[in-house]
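K.L.:
return atomic coordinates for the entry below.
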Amino acid sequence: MSKRANGEGNVRQRLNGRWEGRVSYVDPVTDDRRSVSVYGATAAECRRKHRNVRKRIEDGKPAKDASDTVASWLVQWQISSLAASDRKATTKSLYGSLSRKHLEGGPIGAKGLDKLKPSDVEMLIVQLRTKGLADSTVRQVYTVLRQALDVAVRDGLLGSNPAAKVKRPGITRREAGYLSAADVVRLLDAAKGLRYYVAVVLLAATGLRRGEVAGLLWTDVDLDKGELTVRHTLARVDGELILSAPKTERARRRVPLHAGVVTALKGWRSQQLQERLAAGDRWTDTGAVFATEFGTMLDARNLLRTVELAAKKAKIENVTAHSLRHSAAVAWLESGGAHQGGRRLTRPLLDLSHRRSLRPHLRRRGTRGGRWSG
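P.N.:
As a prediction, this is how the structure comes out:
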């Protein structure tokens, strides 16, 4: 048996010929004395593992990574750290959904935390892209995994985060889809007669997000001044419609309303008052602008269905509520955005990502919108 070098602790050869190294240490959390064993086919391999364990302990890391599966840890992370965080309810719901759909049931979910390598994370990214997932979704899945593993490091289950050693997946910027002015007119004509026609008008005229339109309250609208204030967004979280504040202070903004939009909203308000009288005790007073026949909040998905139905009637392909948002942005930029108060009220509509995605269109049209710095 070879002689141990200084600092190698208890390294010995077992009866089966393999080598074992044992490291004793004091748990910094419980103050209990513990020991951990490492094994190797050769003395050199065992000593290398032994030194690695000692180095981890000296650096304040766990002696060994936990053997819990990635899937089990993701579940624990969701019900503890994620639930306790100050993230929006919609974000928590999204992260949980992405974890269940793309991580927990896949190959990476079956791996032990102690077996997880950066290359496993890279393979996950490749697999997600092969499935045809959008770049933004691939990045979100990576973000969920990395954040969960960050907490595992914090809690002493991992010495380091394998996902942190992998470059965050990039997003290929594509030119935003938009409708021409003629297409918008055709779409609105086709939407006439549909229950939420006025909501489609508002989408096309202001570029609001569908969750912002669905979450709009009458207290947010000043028809006398001809403007509205974005204070809420509505989204479905775990099967329940949740009204919450916008993600950022910048998203909380005032938006001017064209005279035609004001007229349409006044007509809609009159219709809603009649529906309230007809509903009687069945009416739920949510204060929503675009409520159902009984006053309850409008699911933003139903607003999307209205847009899609109108597009189908108008025979316009690939139209979404987001298409109208881009169309409103293009129209505003092409006009120069020079009307009185327009820059102050409407500029927040065009966030950095919108300006980037619309640049190809603006270059072709030679508009002045490009004067804004990104």
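
K.L.:
so how far is stretch 154-166 from its chain's centroid?
P.N.:
Taking Cα atoms, centre = their mean, to the nearest Å, one finds stretch 154-166 lying 22 Å from the centre of the chain it belongs to.

K.L.:
now swap in stretch 12-30 and tell me
P.N.:
44 Å.

K.L.:
same thing with stretch 257-265?
P.N.:
What separates the centre of stretch 257-265 from the centre of its chain is 33 Å, taken as Cα atoms, centre = their mean.

K.L.:
need the contact list for the residue lying closest to residue 251 once chain neighbours are set aside.
P.N.:
In space, not counting the residues next to it along the chain, residue 251 is nearest to residue 230; the distance is 6.7 Å by Cβ to Cβ, 6 or more residues apart in numbering. Heads up, the C-betas are built off the backbone N, CA and C, glycines and all. With Cβ atoms under 8 Å, 6 or more residues apart in numbering as the criterion, the residues that contact residue 230 are 208, 212, 216, 220, 246, 251, 252, 253, 254, 255.

K.L.:
which of those residues lies closest to residue 85?
P.N.:
Residue 85 has its nearest neighbour among those in residue 246, at 18.2 Å by Cβ to Cβ.

K.L.:
residues in contact with the closest one?
P.N.:
Residue 246 sits next to 212, 230, 231, 232, 233, 252 when contact means Cβ under 8 Å, 6+ apart.

K.L.:
next one: the fourth one from residue 297, what distance?
P.N.:
Same thing as residue 232. With distances defined as Cβ to Cβ, to the nearest Å, the gap from residue 232 to residue 297 amounts to 10 Å.

K.L.:
between those two, what contacts are shared?
P.N.:
Shared contacts of residue 232 and residue 297, defined by Cβ under 8 Å, 6+ apart, comprise 215, 243.

K.L.:
give me the distance between residue 17 and residue 39.
P.N.:
Residue 17 sits 11 Å away from residue 39, taking Cβ to Cβ as the criterion.

K.L.:
re earlier: in PyMOL, select just the buried ones from the contacts of residue 246.
P.N.:
To isolate in PyMOL the members of the contacts of residue 246 that are buried, counting by 16 or more other Cβ atoms under 10 Å, one can use:
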select buried, resi 212+230+231+232+233
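
K.L.:
what about the contacts of residue 246, which are in strands?
P.N.:
Among these, the members falling in strands are residue 233 (criterion: DSSP state E).

K.L.:
and the contacts of residue 246, which is closest to residue 273?
P.N.:
For these, the closest approach to residue 273 (Cβ to Cβ) belongs to residue 232, at 21.7 Å.

K.L.:
list phi and psi for that closest one.
P.N.:
Its backbone dihedrals place residue 232 at phi -140, psi 160, with angles given as degrees, to the nearest 10.

K.L.:
kindly report the same for the one 3 residues further on.
P.N.:
Its backbone dihedrals place residue 235 at phi -150, psi 160, with angles given as degrees, to the nearest 10.

K.L.:
what is the neighbour count of it?
P.N.:
Other residues lying near residue 235 total 22 when counted by other Cβ atoms under 10 Å.

K.L.:
isn't it right up against residue 247?
P.N.:
No - the criterion here is Cβ atoms under 8 Å, and residue 235 misses it with residue 247 at 11.0 Å.

K.L.:
residue 27 touches residue 57, doesn't it?
P.N.:
No - no contact is recorded between residue 27 and residue 57 when judged using Cβ under 8 Å, the distance being 9.8 Å.

K.L.:
have a look at these two and say which one is more surrounded.
P.N.:
In terms of neighbours (other Cβ under 10 Å), residue 57 is the more surrounded of residue 27 and residue 57; the figures are 21 against 13.

K.L.:
quick one: pLDDT of residue 113?
P.N.:
You'll see residue 113 listed with a pLDDT of 95.

K.L.:
show me what contacts it?
P.N.:
65, 66, 67, 68, 69, 70, 73, 149, 152, 157, 158.

K.L.:
list the ones among the residues you listed that fall in strands.
P.N.:
For these, membership in strands holds for none, with DSSP E as the criterion.

K.L.:
from what I see, residue 194 and residue 308 are in contact.
P.N.:
No - with the criterion set as Cβ under 8 Å, residue 194 and residue 308 do not qualify as a contacting pair; they are 10.9 Å apart.

K.L.:
show me where the stretch 1-150 of the chain has strands.
P.N.:
Here the stretch 1-150 of the chain has its strands, by DSSP state E, counting those that start in this stretch, at 10-13, 19-26, 33-40.

K.L.:
relative to residue 90, which of those strands is closest?
P.N.:
With distances scored as Cβ to Cβ, the stretch of the strands of the stretch 1-150 of the chain nearest to residue 90 is strand 33-40 (42.5 Å).

K.L.:
quick check: nearest residue in space to residue 288, chain neighbours excluded?
P.N.:
Nearest non-adjacent residue to residue 288 (Cβ to Cβ, 6+ apart): residue 297, at 5.1 Å.

K.L.:
which residues does the residue nearest to residue 38 when sequence neighbours are not counted contact?
P.N.:
Across the structure, with Cβ to Cβ, 6+ apart as the measure, the residue nearest residue 38 apart from its sequence neighbours is residue 49 (3.9 Å). Under the criterion of Cβ under 8 Å, 6+ apart, the neighbours of residue 49 are 21, 38, 39, 40.
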